[in-house]
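Student: A structural model of the following input is requested.
(one chain, ligands or ions: 1)
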Amino acid sequence: RDKDLPPGPPTLPIIGNLHLLPKESSHFKFTEWARQYGGIYSLKVGPGTVIVVTDPTIVKELLEKRSATTSDRPAMYIVDQITGGFDIAFARYGDEWRTLRKTAHAILTPQAATRHLAIQRAEATQLLHDILTSPQDFYTHVRRYTISVIMSVLYGQRVPHYGTPETIAFFEMMHLWTEVLAPGAAPPLDLLPIFKLVPERWAKWRQTVRKIQGLMRPLFFGLLDAAEERIRSGVQNECYVEEILEKQADFGLDRKMIAYFAGTLIEGATETTASYLHSFILCMIAYPEAQRKAQEEIDRVVGQDRLPNLDDRLPYVQALILETHRFRPVSPMFVPHATTASERYNDYVIPSGSAIFANAWGMLHDPALFEDPEDFRPERYLLTENGTKPGVDASDMRGLFAFGVGRRSCPGIHLAQNSIHINVMNLIWAFDFKPVLDSHGNNIQPDTWAYSKGISFAPLPFDCLISPRTSHKARIIRQEFSESATIFERFEHAGRSTGVDGQ
Ligand code: HEM
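Tutor: Take a look at the predicted model:
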C-alpha cells in the first residue's frame, strides 16, 4: 500500500487484500473494517485501489462536492459483455452515460413522475386486491406490482398477472445476473484480463453470459417492437417509448440504445422497489408495536371509508418509511463509483481510477450516529430530521441516504418514493400483518436477518398471516379495484404480442 493512501488491512505481495475480500454480504465486513480503520480506508486488490467511505461528511465531500471526478464506475467486463455498455447504472462516465441520464429525466423528474401517479395508484389497488384474494402469495404480488408499474411507464404495457411470458423471462434473466455477478462466480476479469481468453467450455461464466444475452435481446427488442407497433396504430398512453421515439434524433439515441436503456431500467426499478416493500412487511410482523402505532395514526387521519392518499399528513408513517430505508437499505453499498482524476483528501491521495464504495450500511448502522441502530424504531425520525441522536451533527446525513448521492444518485427516486408511500399507506390502512403460528399455536418470530447475500440485499421469501382489518375495508378494496378498470384499459393491448415465449 502506497504511504499516501488511507489506512487499511495488511496486504500480501501482488494480490494486496484480494484474499480478504468477503464472498457474500460484503457490507458487513466493510463495516467491521470501518470501525477498525475509520471513516475512510483503502483496500488493495491486485494493482487496483478501493476506497471505502463510511462517514457522511466524507461521502458528501467526495461524491457530491467533487462529483466531477468521482462519478465514473469501475470497469465491469461481464456487465459490458451482456449489455454492450448501455446499462445506465454501470455505464462509464462519458457521453453515452450523459445521453442515457438525460433521457431518464424525461420520465423520472418529479413533474414527469406525477404523470405516472394514476397507473401507480391503480396498480396499488390491484396489489391490495391480490393480497385480499390470496394473502399467502403476497411476495409475488408485490413483484407483479413493481414490474407492472415500470413496464407501463416505459412501454405503456402493464403486467396484469405474474405469469406473463415477459415476467417469466425477466425474472429468469435476473436470477442468472445474480448468479454470474456473485463474488467468485467468475475470475477477476477486470484485474487479470488473461482470463478473458479462456474458451467457453472451461468458463461457466461465459455460458451464463450467453444464456442472459439469449433471454435479454428478445425481451428488450420484443417489448420495444410491440410498443412501436401500438404507437403506429394510433394507440397512445404517454409512455417513455412514445416520448423517446419522438425526440430520438434530439437525444442522439439509436434503436439498440433505446432497447437496452429501457430494458435495464426495468432491472433498476423492479427488484429495488419490491425489496423495499418486502422489508416493510417483514418489519410489520417483527415489530407489531410500530404497526399498531401506524394503524392508529392512519385510522385517526384517514378514517374507515376511503383509501389514504399522498396529501394525508401522517408523520409517524413518514418516520416508519424512513426507518425501513435505514434499517434494511436496498443498496447497502450503493453502486461503486470510480475516480477519473487523482484526488487529495486531507493527508491522503486517492489515485485516478480508484473504486469508491460508499458504505451506506455502515453509516446507517453506526452507533455513534444512531441510538441502538439494530432496533427498528421509527420514533427516531420524529425526534431529529435525520433520525440521528440528538446533539450529533448530522447535517451531511440526508434522510434519504438510501438513494445515493452526487451525479450517479438514483434518478428513479421520485417514482420509487411515490410507489413506496402509496403502498405503505394502503397496506397499513387495509391489513393486519402477523407472524405465522407453529403447531402449538405460538408465533414463529420472523428472521429479520434472512436476506440475500449476493449483489442485492432483499429479504428471502418469508411466511406471514395477512388479513383485512374489517369487512368494510375489504369491500372498499373490491370496489376501488373494479373502478381501476378504466385506467388499466389504457395499458392493456390484447392481441399484441412481444414474441417472448418465457420458457
Ligand atoms: C426503493 C427503491 C430504490 C432504491 C433504494 C434505489 C437506490 C439506488 C442507489 C443507491 C443507486 C446508486 C447511487 C450511486 O451510485 O450513488 C441507484 C442508482 C440507479 N437507480 Fe435506483 N433505487 C430505487 C428505485 C429505482 C427506480 C424505481 C428506478 C427507475 C425507474 C431506478 C433507477 C436507477 C438508475 C437508472 C440508477 C443508476 C444511475 C446512474 O448510474 O447514473 N431506481 N438507485
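
Student: pLDDT weak spots in the chain?
Tutor: 183-184, 399-400, 494-498, 501-503 (pLDDT under 70).

Student: where exactly do the strands run in it?
Tutor: Ranges of strands within the chain are 40-45, 48-53, 337-338, 343-345, 348-350, 355-358, 431-434, 465-468, based on DSSP state E.

Student: tell me which residues in the fifth one are buried?
Tutor: Just to be clear, that refers to strand 348-350. Going by neighbour count (16 or more other CB atoms under 10 Å), the buried part of strand 348-350 is Tyr348, Ile350. In short, each C-beta sits where N, CA and C put it, glycine included.

Student: return the distance of Val392 relative to Phe488.
Tutor: 48 Å (CB to CB, to the nearest Å).

Student: looking at these two, which one has more neighbours?
Tutor: Taking neighbours as other CB atoms under 10 Å, Val392 and Phe488 compare with Phe488 leading, 18 against 15.

Student: who are the neighbours in contact with the more buried one?
Tutor: Neighbouring residues of Phe488 by CB atoms under 8 Å, 6 or more residues apart in numbering: Ala122, Gln126, Arg158, Pro160.

Student: what subset of those is buried?
Tutor: Ala122, Gln126, Arg158.

Student: with respect to the ligand, which of those residues is nearest?
Tutor: Arg158 (15.3 Å; CB to the nearest ligand atom).

Student: tell me, how many residues neighbour the closest residue to that closest one other than its chain neighbours?
Tutor: Nearest residue to Arg158, sequence neighbours excluded (CB to CB, 6 or more residues apart in numbering): Phe491, at 3.9 Å. Residues lying near Phe491 (other CB under 10 Å) number 23.

Student: Ile119 is in contact with Phe491, correct?
Tutor: Yes: assessed by CB atoms under 8 Å, Phe491 is found in contact with Ile119 at 6.2 Å.

Student: residues shared between the contacts of those two?
Tutor: Common neighbours of Phe491 and Ile119 (CB under 8 Å, 6+ apart) are Ser152, Arg158.

Student: list the buried residues of stretch 405-414.
Tutor: So, applying 16+ other CB under 10 Å, buried residues of stretch 405-414: Val405, Gly406, Arg407, Arg408, Cys410, Pro411, Gly412, Ile413, His414.

Student: is any residue of it near the ligand?
Tutor: Yes: shown here: stretch 405-414 in contact with the ligand (CB under 6 Å from any ligand atom) through Val405, Gly406, Arg408, Ser409, Cys410, Pro411, Gly412.

Student: isn't the first one right next to Met363, touching?
Tutor: No: assessed by CB under 8 Å, Val405 is found out of contact with Met363, at 11.1 Å.

Student: flag every residue of the stretch 201-350 of the chain that's near the ligand.
Tutor: Leu265, Gly268, Ala269, Thr272, Thr273, Tyr276, Val330, Ser331, Phe334, Val335.

Student: again, 5 Å this time
Tutor: Contacts of the stretch 201-350 of the chain with the ligand, taken as CB under 5 Å from any ligand atom, map to Gly268, Ala269, Thr272, Thr273, Tyr276, Val330, Ser331, Phe334, Val335.

Student: list the contacts of the residue sitting furthest away from the middle of the chain.
Tutor: Going by CA atoms, centre = their mean, the residue of the chain most distant from its centre is His440, 38.3 Å out. Neighbouring residues of His440 by CB under 8 Å, 6+ apart: there are none.

Student: tell me how many other residues crowd Leu9.
Tutor: Leu isn't right for residue 9; it's Pro. 16.

Student: Arg292 now?
Tutor: When neighbours are defined as other CB under 10 Å, Arg292 has 12 of them.

Student: picking up where we left off before, need the residues of the stretch 201-350 of the chain next to the ligand in JSON lines with neighbour count, can you?
Tutor: Listed next are those as JSON lines, based on neighbours: other CB atoms under 10 Å:
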{"residue": "Gly268", "neighbour count": "19"}
{"residue": "Ala269", "neighbour count": "23"}
{"residue": "Thr272", "neighbour count": "20"}
{"residue": "Thr273", "neighbour count": "25"}
{"residue": "Tyr276", "neighbour count": "24"}
{"residue": "Val330", "neighbour count": "22"}
{"residue": "Ser331", "neighbour count": "19"}
{"residue": "Phe334", "neighbour count": "25"}
{"residue": "Val335", "neighbour count": "16"}
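
Student: which of those residues sits closest to Thr388?
Tutor: Taking CB to CB as the measure, Phe334 is the one of these closest to Thr388, at 19.3 Å.

Student: thinking that closest one is in contact with Ala355, fair?
Tutor: No: if you go by CB under 8 Å, Phe334 and Ala355 don't touch, sitting 11.4 Å apart.

Student: re the thing from before, which residues are common contacts for Val405 and Met363?
Tutor: Val59.

Student: tell me the residues of the stretch 51-200 of the chain that contact the ligand?
Tutor: Ile88, Ala89.

Student: swap the cut-off to 8 Å and go again
Tutor: 63, 71, 73, 88-91, 97, 100-101, 104, 107-108, 146, 150, 153 (CB under 8 Å from any ligand atom).

Student: closest to Ala294 out of those?
Tutor: Nearest member of these to Ala294, counting by CB to CB, is Thr146, at 21.5 Å.

Student: so what's the residue count around the closest one?
Tutor: Neighbour tally, Thr146, other CB under 10 Å: 25.

Student: residues in contact with it?
Tutor: Thr146 makes contacts with Ala269, Thr270, Glu271, Thr273, Ala274, Leu277, Ser419, as judged by CB under 8 Å, 6+ apart.

Student: rerun that using 6 Å as the cut-off
Tutor: Contacts here follow CB atoms under 6 Å, 6 or more residues apart in numbering; on that basis Thr146 touches Thr270, Thr273, Ala274.

Student: my guess is the last one contacts Val142, does it?
Tutor: Yes: with contacts counted by CB atoms under 6 Å, Ala274 reaches Val142, the gap being 5.2 Å.

Student: the closest residue to Trp205 other than its chain neighbours and Glu267, how far apart?
Tutor: Excluding its sequence neighbours, the residue lying closest to Trp205 (CB to CB, 6+ apart) is Ala186, at 3.7 Å. As judged by CB to CB, Ala186 and Glu267 stand 19 Å apart.

Student: equivalent analysis for Thr49, please.
Tutor: The value you get for Thr49 to Glu267, if CB to CB is used, is 28 Å.

Student: and the buried residues of stretch 405-414, which is closest to the ligand?
Tutor: Using CB to the nearest ligand atom, the buried residues of stretch 405-414 come closest to the ligand at Gly412, 2.1 Å.

Student: and that closest one, how close does it get to Ala122?
Tutor: 19 Å.

Student: and Phe86, by the same measure?
Tutor: 31 Å.

Student: what's the answer for Trp429, then?
Tutor: 17 Å.

Student: what sits against the closest residue to Arg143 other than its chain neighbours?
Tutor: Spatially, and ignoring its direct neighbours in sequence, Arg143 is nearest to Ala274 (4.8 Å; CB to CB, 6+ apart). Ala274 is in contact with Val142, Arg143, Thr146, counting by CB under 6 Å, 6+ apart.
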